[in-house]
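K.L.:
Got a sequence here, can you model it:
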Amino acid sequence: MKEVRQAYIYSRVSKSIQAEEGKGLQRQEEKALDFIKTHNKSQLKNALPTYKAVDTLITDKGLSAYLGKNTQKNAGLGAFIAAAEAGRIPAGSLLVSENTDRISRMSADDSREIFRNFKRLKIDVALVKFGIIIYHDKDKDLGIDLLLTAAFHLANMESQQKSQRIRDTFDIKRREEKAGGEKRTSICPSWLKLSTDKKSFEVINEHGRTLELIFKMKIDGYGSSRICAHLNENKIFSFTKKEDQSPKKWTKGMVEKYLKMVQVMGHFQAKKTTHVDGKRIDIPLGDIIKDYYPTVISEDTFIQVQQSFKKTQKGMVAKNFANLFSGICKCPSCGSTLSYGRSLRAQPKLRCKNKDDRRGCKQTNINYIPIEETLIKQLAGLDYSKLNGRNFSNLVKDIDLLDHQSDEIEQIISNFNKVLSTTSNTKRFAEINELIENKYTELEALSEKRNNLISVRSNYDSTAVQQLNLTNKEDRQKYNVFIKQYINYIIPDDSKVIVSFKTLHKPLKFWYVEKSRTGNGLSDKEIVKEVFTNGKTTDDIKMLFRKDTRNSIINHLSPVLKPPKNRNDDLEFIKFRFEATRIIEENPKKWKWLLDDKDH
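P.N.:
Modelled structure (predicted):
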């Protein structure tokens with residue numbers, strides 16, 4: 001039987017409008033399928049492996065490859081790379097893309113690094129436009145190498161030129177705007193709208209009244225949380241509602257954001273956007289322009305509110321870093337982050353932020369102590385080198401690779417110095433000297449990368465965590481940082497805590513009171529021991545999980561809300577179920593037919 005390998009189709013469009021219309025994505029998908037079909041015919045004739053496209057498409061909508069945003073972990077291509085690093089993509093699988101510029105428009109060096117990463121992960125890459133496949137286990141010939149290099153440079157240059165044209169256009173519009181022309185953009189604070197003649201902005205009356213209420217309540221002594229709760233309880237929705245979407249409820253962060261925005265006074269600060277290491281940075285451009293927008297809040301009121309922030313003491317930080325799992329505790333009802341709280345006489349509790357902000361969650365406070373006691377006990381004896389998984393192995397390999405590259409460059413510098421000592425041609429001497437300088441620059445860059453990786457590797461030192469004193473604040477902070485490297489999230493309730501490990505495909509449950517086990521499989525506690533202490537893989541053992549009915553729930557609620565990408569992930573499922581239920585409760589008449597289905 002002929003070998004059939006998996007093919008993953010990747011498509012990307014950089015503009016949101018392209019994503020909404022779907023034409024660019026559909027075109028790329030169709031061309032990729034045609035490529036696979038044509039290539040398979042050739043493979044069959046030569047008795048070579050063929051490819052079958054997997055059902056899940058990898059797409060990035062409205063993400064820039066010029067800034068590398070499509071390779072970040074929360075992007076489609078980034079998630080694919082992360083899955084490959086975790087061993088979930090079979091070796092020899094094929095990533096099919098229209099062209100190199102769908103994958104990267106970064107500099108040639110950065111683009112080449114992405115393709116090197118595919119090779120390291122044993123992923124073959126098909127480029128439909130050129131009709132070629134770059135195999136991970138074969139060296140590229142000179143022609144293909146030159147073709148890729150040219151494609152990398154052209155894609156990057158094209159993006160640079162496009163970016164410069166956009167900046168030039170905005171500069172022209174900015175000058176015309178100062179002369180009394182149309183506003184350079186319709187983008188404005190969410191309580192405003194562009195006037196009909198496009199020469200000014202107008203206040204949306206209901207939003208203006210809401211802003212006035214928020215500032216008045218703040219001056220009257222209300223905190224952001226109480227303001228947020230008041231707005232949500234009185235069904236005063238936020239300004240961020242989009243067409244065909246339910247109005248969004250307020251959060252504490254949104255209230256604080258509006259209380260600090262100078263735009264409420266009518267001020268405008270032009271900014272120039274740049275990117276450093278893939279991160280967007282806004283640089284102020286010129287002086288603040290007053291009366292650019294309509295004034296909603298007076299300057300005196302705004303200043304009074306800012307002073308109130310300075311006088312308000314921030315919430316007390318626990319003297320001993322009370323929540324050992326800060327940042328990764330999630331609500332079992334809605335998936336929101338749980339925060340630690342404790343009154344003077346009561347036991348410490350975890351509270352849902354969505355409930356505090358009156359955003360529809362009804363989760364009661366959860367006792368904290370059983371969570372900490374259970375997890376410290378269950379996680380204490382683990383062999384963390386097993387938990388490191390492929391990410392740690394790749395880290396070690398990357399350090400070794402940098403050492404190898406540094407050795408190569410040092411050898412090249414040595415060879416250049418030998419040539420330099422024998423040449424008497426002044427021009428040749430200058431050329432070689434410049435090459436040496438460039439190589440030293442490369443060497444410094446590699447050294448910096450290596451130092452950064454060494455720093456990261458030190459965080460995986462499991463012997464350090466075993467010596468921590470968890471009654472000490474600093475040691476509790478260190479434990480929190482350490483454990484976050486291995487755990488995605490924990491979901492506690494009154495009887496158990498669910499833990500999502502980064503190297504397991506399904507979360508595990510730990511009961512506060514040990515439960516007896518039935519059946520032939522292993523309990524979740526035993527699974528952790530077998531995998532992370534005794535060195536077995538998840539394929540070696542039989543995992544026992546409760547009968548999962550979530551697929552039927554997801555399918556039932558899918559008309560209300562787009563299903564989660566990963567149906568097996570507990571947190572994604574909880575968030576999906578909560579949001580879908582909230583939408584139904586806000587408009588029960590619309591979804592009556594769904595509620596009448598007695599099977600769910």
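K.L.:
Thought D475 was touching N469, still the case?
P.N.:
Yes: between N469 and D475 a contact is recorded at 4.8 Å, counting by CB atoms under 8 Å. The way it works is simple: take the backbone N, C-alpha and C, and place the C-beta from them, glycine included.
K.L.:
neighbour count winner among the two?
P.N.:
The residue with more neighbours, out of N469 and D475, is D475; 17 against 11, by other CB atoms under 10 Å.
K.L.:
Could you say which helix or strand holds that one?
P.N.:
helix 473-483 (DSSP states H and E).
K.L.:
Report all helices and strands that the following helix or strand past that helix contacts.
P.N.:
For helix 473-483, the following helix or strand on the C-terminal side (DSSP H and E) is strand 487-492. Contact here means 3 or more CB pairs under 8 Å, 6 or more residues apart in numbering; DSSP states H and E; on that basis strand 487-492 packs against helix 369-379, strand 496-501, helix 570-586.
K.L.:
Try it again at 10 Å.
P.N.:
Secondary-structure packing of strand 487-492 (3 or more CB pairs under 10 Å, 6 or more residues apart in numbering; DSSP states H and E): strand 338-341, helix 369-379, strand 496-501, strand 508-511, helix 570-586.
K.L.:
Kindly format the C-alpha coordinates of that strand as CSV.
P.N.:
Extracted as CSV, the C-alpha positions of strand 487-492 are listed here (Å, rounded to 0.1, in the frame of the first residue of the first chain):
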residue,chain,number,x,y,z
ILE,A,487,0.9,24.6,33.0
ASN,A,488,-1.4,26.5,30.6
TYR,A,489,-4.2,27.0,33.1
ILE,A,490,-6.0,25.5,36.1
ILE,A,491,-9.8,25.4,36.5
PRO,A,492,-10.8,24.9,40.1
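K.L.:
rewinding a little: quick one: distance of the helix holding D475 to the chain centre.
P.N.:
From the chain centre to the centre of helix 473-483 is a distance of 24 Å (CA atoms, centre = their mean, to the nearest Å).
K.L.:
That helix: which residues count as buried?
P.N.:
D475, R476, K478, Y479, N480, F482, I483 (16 or more other CB atoms under 10 Å).
K.L.:
So, low pLDDT: which residues of the stretch 101-250 of the chain?
P.N.:
166-186, 241-246 (pLDDT under 70).
K.L.:
where does the stretch 301-450 of the chain have low pLDDT?
P.N.:
310-321, 343-345, 381-397, 424, 426.
K.L.:
Please, where are all the strands along it?
P.N.:
In the stretch 301-450 of the chain, the strands defined using DSSP state E, counting those that start in this stretch lie at 338-341, 349-352, 366-367.
K.L.:
Counting by contacts, list what the shortest one packs against.
P.N.:
Spelled out, it's strand 366-367. The helices and strands touching strand 366-367, judged by 3+ CB pairs under 10 Å, 6+ apart, are strand 349-352.
K.L.:
what's the residue nearest to the spatial centre of the chain sitting at in phi/psi?
P.N.:
Centroid-nearest residue in the chain: N74, 3.2 Å away (criterion: CA atoms, centre = their mean). Dihedral angles of N74 (phi, psi; degrees, to the nearest 10) stand at phi -90, psi 10.
K.L.:
Quick check: closest non-adjacent residue to N555.
P.N.:
P563 (7.8 Å; CB to CB, 6 or more residues apart in numbering).
K.L.:
what residues are up against the one you found?
P.N.:
Contacts for P563 (CB atoms under 10 Å, 6 or more residues apart in numbering) come out as N551, I554, N555, L557, E572, F573, F576, A580.
K.L.:
For the residues you listed, please prepare TSV with the additional fields pLDDT and neighbour count.
P.N.:
Shown next, in TSV, are these (pLDDT from 0 to 100; neighbours: other CB atoms under 10 Å):
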residue	pLDDT	neighbour count
N551	78	12
I554	81	18
N555	81	12
L557	82	20
E572	90	17
F573	89	20
F576	90	24
A580	86	22
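K.L.:
which of those residues lies closest to K449?
P.N.:
When the contacts of P563 are ranked by distance to K449 (CB to CB), E572 comes first, at 33.6 Å.
K.L.:
Quick check: the closest one vs L148, distance?
P.N.:
Relative to L148, E572 is positioned 36 Å away (CB to CB, to the nearest Å).
K.L.:
residue ranges with poor pLDDT in the stretch 451-600 of the chain?
P.N.:
In the stretch 451-600 of the chain (pLDDT under 70), the answer is 452-466, 514-549, 595-600.
K.L.:
what about R567, which SS state?
P.N.:
coil (DSSP: H, G, I helix; E, B strand; the rest coil).
K.L.:
so it makes contact with R577?
P.N.:
No: in this structure R567 lies outside contact range of R577 using CB atoms under 10 Å: 11.6 Å.
K.L.:
on that earlier part again, so which of the strands of the stretch 301-450 of the chain is nearest N488?
P.N.:
strand 338-341 (14.7 Å).
K.L.:
what's the most buried one of the helices and strands packed on strand 487-492?
P.N.:
Scoring these by mean neighbour count under mean count of other CB atoms under 10 Å gives strand 496-501 as the most buried, with a mean of 21.
K.L.:
and the direction of that strand versus that of strand 487-492, what angle?
P.N.:
Relative orientation of strand 496-501 and strand 487-492, computed by axes from the mean of the first three to the mean of the last three CA atoms, to 10 degrees: 170 degrees.
K.L.:
Partner strands of strand 496-501, with direction?
P.N.:
strand 487-492 (antiparallel), strand 508-511 (antiparallel) (DSSP bridges).
K.L.:
would you turn these into TSV with distance to M217?
P.N.:
Shown next, in TSV, are the strands paired with strand 496-501 (distance: least, CB to CB, whole Å):
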stretch	distance to M217
strand 487-492	33
strand 508-511	43
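K.L.:
Could you list the domains of the chain?
P.N.:
4-161, 185-311, 316-546, 550-595 (automatic domain parsing).
K.L.:
most packed of these?
P.N.:
Ranked by mean neighbours (mean count of other CB under 10 Å), those are led by domain 4-161, with a mean of 17.
K.L.:
what's the span of it, first residue to last?
P.N.:
43 Å (CA to CA, to the nearest Å).
K.L.:
quick one: it to chain centroid distance?
P.N.:
On CA atoms, centre = their mean, the centre of domain 4-161 falls 20 Å from that of its chain.
K.L.:
what does stretch 205-222 give?
P.N.:
Worked out by CA atoms, centre = their mean, stretch 205-222 lies 33 Å from the chain centre.
K.L.:
ok, and what's touching it?
P.N.:
Under CB under 10 Å, 6+ apart, the answer for stretch 205-222 is 189-193, 202-204, 223-224, 226-231, 234, 236-239, 250, 254-256, 258-259, 261, 264, 294, 296-298, 301-302, 304-305, 308-309, 312.
K.L.:
so where do the strands sit in the stretch 151-300 of the chain?
P.N.:
Using DSSP E, counting those that start in this stretch, strands in the stretch 151-300 of the chain cover 192-194, 201-203, 271-276, 279-284.
K.L.:
Which other helices and strands does the first one contact?
P.N.:
Meaning strand 192-194. Against strand 192-194 (3+ CB pairs under 10 Å, 6+ apart) you get strand 201-203, helix 205-219.
K.L.:
Dump the ones you listed into a markdown table; add distance to N46 as well.
P.N.:
Output for those, formatted as a markdown table (distance: least, CB to CB, whole Å):
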| stretch | distance to N46 |
| --- | --- |
| strand 201-203 | 65 |
| helix 205-219 | 66 |
